[in-house]
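K.L.:
Just a sequence and a predicted model for now, questions to come.
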Amino acid sequence: MTYTEETTLFACEGDTLLGILAKPEIPSEVGVVVIVGGPQYRVGSHRQFVLLSRTLAAAGYAVLRFDYRGMGDSEGEPRNFEAVSADIAAAIDALQQRLPAIKQMVLWGLCDGASAALLYCHETHDPRVSGLCLLNPWVRSETSLARTQVKHYYTRRLRQKEFWTKLLHGGVTLQALPGLMQTIRVALTGARHSGATTSLMPFQHRMAAAWDAFNGNILLLLSGDDYTAKEFLEYVHTDAAWTNALTHPRLVRHELQDADHTFSSLASRTKAEELTLTKSLQQPDQRA
């Protein structure tokens, strides 16, 4: 299907945001908002979001990729993924205003963009959001990082002859050993917390609550060659708030064993686009 791309300006709490709308000739009633992750803007690593948007638009789905306030070409003060719900709401509004035929939205996010999508659902319960496409969600904490490092890095290193050879010949400094022991302690017992308290749940638990309550389709894509993905699985399997996450009735989960964090290879990027189309955007009775 033919499509066009156009610059879109829209307001968010007094600031002007900039997005790029990929608009099919005959758009589906389902639209996609791409939520960027990290200190990133609307193009994405290796033009990932550009290529994704064009692929989806060619299949008939309108896509809006945009810059948060304070990033790229948008106005405002910079903010992290825990403070962009107003930006996401403004993007959804803008997409519907420009294409009134769109009735449902799929939020597509990588890393803390995936986390931001869940936090948006937790804060707003927006009925327009019918699907989530979450790639390598970010759930980083000191404890989860330590557990991931011990399980997927240090355990492997300690089994390697090369490590012990380097240790015996001074290739591994003695100063590094306390850091290793601290990582193991945190992995086993959890991080020490200060006496300060907060009435707000940790962002990971707010993500879990949104996941559990979400009634739409959830597509979870995990990279095999990525510590963020491994950390997410470690968190899901060890934190009580995530107990039911992987048994969500409308969850489709795929692990791309050779993919890195941003799905940078042609094969992994193409597979992620294909799964987005077939497992996230199509209705349950259409999904292959």
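P.N.:
Perfect, thanks for sending it.
K.L.:
use CA for all of it now, contacts and neighbours both
P.N.:
Will do.
K.L.:
Show residues contacting the one helix or strand Glu274 maps to.
P.N.:
Element membership for Glu274 (DSSP states H and E) is helix 266-275. With Cα atoms under 8 Å, 6 or more residues apart in numbering as the test, helix 266-275 has contacts from 48, 52, 55-56, 221, 256, 258-259, 263.
K.L.:
Try it again at 6 Å.
P.N.:
259, 263 (Cα atoms under 6 Å, 6 or more residues apart in numbering).
K.L.:
Enumerate the positions of it that are buried.
P.N.:
Buried residues in helix 266-275, defined by neighbour count with 16 or more other Cα atoms under 10 Å: 268-270, 272-273, 275.
K.L.:
Equivalent analysis for stretch 127-142, please.
P.N.:
129-140.
K.L.:
Just give me the closest of the residues you listed to His205.
P.N.:
Comparing the buried residues of stretch 127-142 against His205 with Cα to Cα places Val139 closest, at 9.3 Å.
K.L.:
Distance of that closest one relative to Cys133?
P.N.:
Distance of Val139 to Cys133, computed by Cα to Cα, to the nearest Å: 16 Å.
K.L.:
Buried residues, stretch 69-84. List them.
P.N.:
69-76, 81, 84.
K.L.:
Among the buried residues of stretch 127-142, name the ones in strands.
P.N.:
129-135 (DSSP state E).
K.L.:
any idea which of these is closest to Pro39?
P.N.:
Leu135 (16.4 Å).
K.L.:
Give the helix, strand or coil label for Pro39.
P.N.:
In terms of secondary structure, Pro39 is coil; the call rests on DSSP: H, G, I helix; E, B strand; the rest coil.
K.L.:
For it, the count of nearby residues, please.
P.N.:
14 (other Cα atoms under 10 Å).
K.L.:
Need the buried residues of stretch 127-142 in JSON lines (columns: distance to Leu95 and pLDDT).
P.N.:
Listed next are the buried residues of stretch 127-142 as JSON lines, based on distance: Cα to Cα, whole Å; pLDDT from 0 to 100:
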{"residue": "Val129", "distance to Leu95": "13", "pLDDT": "98"}
{"residue": "Ser130", "distance to Leu95": "15", "pLDDT": "97"}
{"residue": "Gly131", "distance to Leu95": "16", "pLDDT": "97"}
{"residue": "Leu132", "distance to Leu95": "17", "pLDDT": "98"}
{"residue": "Cys133", "distance to Leu95": "18", "pLDDT": "98"}
{"residue": "Leu134", "distance to Leu95": "20", "pLDDT": "98"}
{"residue": "Leu135", "distance to Leu95": "22", "pLDDT": "98"}
{"residue": "Asn136", "distance to Leu95": "25", "pLDDT": "98"}
{"residue": "Pro137", "distance to Leu95": "24", "pLDDT": "98"}
{"residue": "Trp138", "distance to Leu95": "26", "pLDDT": "96"}
{"residue": "Val139", "distance to Leu95": "29", "pLDDT": "96"}
{"residue": "Arg140", "distance to Leu95": "31", "pLDDT": "88"}
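K.L.:
Please list all residues in contact with Ser37.
P.N.:
Not Ser; residue 37 is Gly. With Cα under 6 Å, 6+ apart, Gly37 has these contacts: 110-113.
K.L.:
please redo it, this time with the cut-off set to 7 Å
P.N.:
By Cα atoms under 7 Å, 6 or more residues apart in numbering, the contact set of Gly37 is 109-113.
K.L.:
ok, it to His237 distance?
P.N.:
Per Cα to Cα, Gly37 is found 24 Å from His237.
K.L.:
rewinding a little: would CSV of the buried residues of helix 266-275 with pLDDT and distance to Phe10 be doable?
P.N.:
CSV is the format used below for the buried residues of helix 266-275 (pLDDT from 0 to 100; distance: Cα to Cα, whole Å):
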residue, pLDDT, distance to Phe10
Ser268, 97, 33
Arg269, 97, 29
Thr270, 97, 31
Ala272, 97, 29
Glu273, 98, 27
Leu275, 98, 30
